[in-house]
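Asks: Just the structure for this:
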Amino acid sequence: MQQNGTFASYNQTSSSGGSSGSSSTLQAFFSSAKAAVLRGGLNETNTETVNSLLRLMSHISLEELGLDPDMVQDPFLGALKLHLRDSRIKYMRIYEDHTLTFGLFCFPAGATIPLHNHPGMTVFSRLLFGRLRVSAFDWVVQPPEPITEGSGHRAQLVYDATVEASSPPLVLFPASGGNLHEFTAETPCAVLDLLTPPYEPPTRNCTYYRLQRPPMVWPVARSAGGRAPVGPPLPALGEVVELEVFEPPDSFEVVSGLYPGDPVS
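Replies: Residues are numbered from 1 along each chain as shown. Here you go, the predicted structure:
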């Protein structure tokens, strides 16, 4: 596991895993986030507001979200309860307006949201149960938006770790904190996610990326097992790589689900 301090200055407390929230913590987090958005204070320069929101987010209980606390100990039981029967990711919307989007992403084991950007956005994410691999990059030089095609966009790997229910929430900003990230579920898991402002195509579109693909190299066979193509090595933390725009495969699909928890307003 690779990890650095990109998020550390904003992650002052550990997550409770759903065991120590009060009945009002979900609403308190949402109200505080909404107020910060409306006064224009939800950014990397306002560390006091960001840290306060991360503390609130870490104490939202699973019960408030309509989830079973037993999911922390047995994420595969959680997958059954959330009806995650195939490879599709489920999104449950809690709230959405022109200023922010708030909801739950529910992942079957092995599901991936490919590397994608968050143009001009601040995003708070908390893993609620299970294990999730998070890899995140920042642009070396911010490319103009919207990016529709082409390659050669340079980005640096700033975060690469497996997070668990006990991990603190993560936050990213428009130009720092890992604005491009990829999620891969090592077990069934759920992520509480608040982003502001929302995606708004075509000017604020979600664009997917991958490492720029060099030609495959076919090594000389050394055994009866034959030859296998050698692809690009995974980048090391801090390494600068070239990213290219791509369309996710048809197997990648996010479907809507019904949010089972407490409403916010």
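Asks: in stretch 128-147, what's buried?
Replies: 128-132, 134-139, 143 (16 or more other CB atoms under 10 Å). All C-beta spots, glycine's among them, are computed from the backbone N, C-alpha and C.
Asks: chain center to that stretch: distance?
Replies: Mean-position distance between stretch 128-147 and its chain equals 8 Å (CA atoms, centre = their mean, to the nearest Å).
Asks: quick one: average pLDDT of it?
Replies: Averaged across stretch 128-147, pLDDT comes to 90.
Asks: Let me know the secondary structure of the nearest residue to residue 115 once chain neighbours are set aside.
Replies: Of all residues not flanking residue 115 in the chain, residue 182 sits nearest, at 4.1 Å (CB to CB, 6 or more residues apart in numbering). With DSSP: H, G, I helix; E, B strand; the rest coil as the basis, residue 182 sits in strand.
Asks: Return the set of residues that bridge with residue 182.
Replies: On DSSP bridges, the residues paired with residue 182 through beta bridges are residue 135.
Asks: measure it to residue 195 for me?
Replies: Computed with CB to CB, to the nearest Å, the distance linking residue 182 and residue 195 is 16 Å.
Asks: before we move on, what about residue 174?
Replies: Look at residue 174 and residue 195: by CB to CB, they are 11 Å apart.
Asks: again with residue 128
Replies: 17 Å.
Asks: Also residue 69?
Replies: Here residue 69 is placed at a distance of 26 Å from residue 195 (CB to CB).
Asks: now residue 205
Replies: For residue 205, the distance to residue 195 - CB to CB - is 14 Å.
Asks: Show me where the stretch 1-150 of the chain has its strands.
Replies: Defined through DSSP state E, counting those that start in this stretch, the strands belonging to the stretch 1-150 of the chain, from first to last, are 89-96, 101-107, 112-116, 122-129, 131-139.
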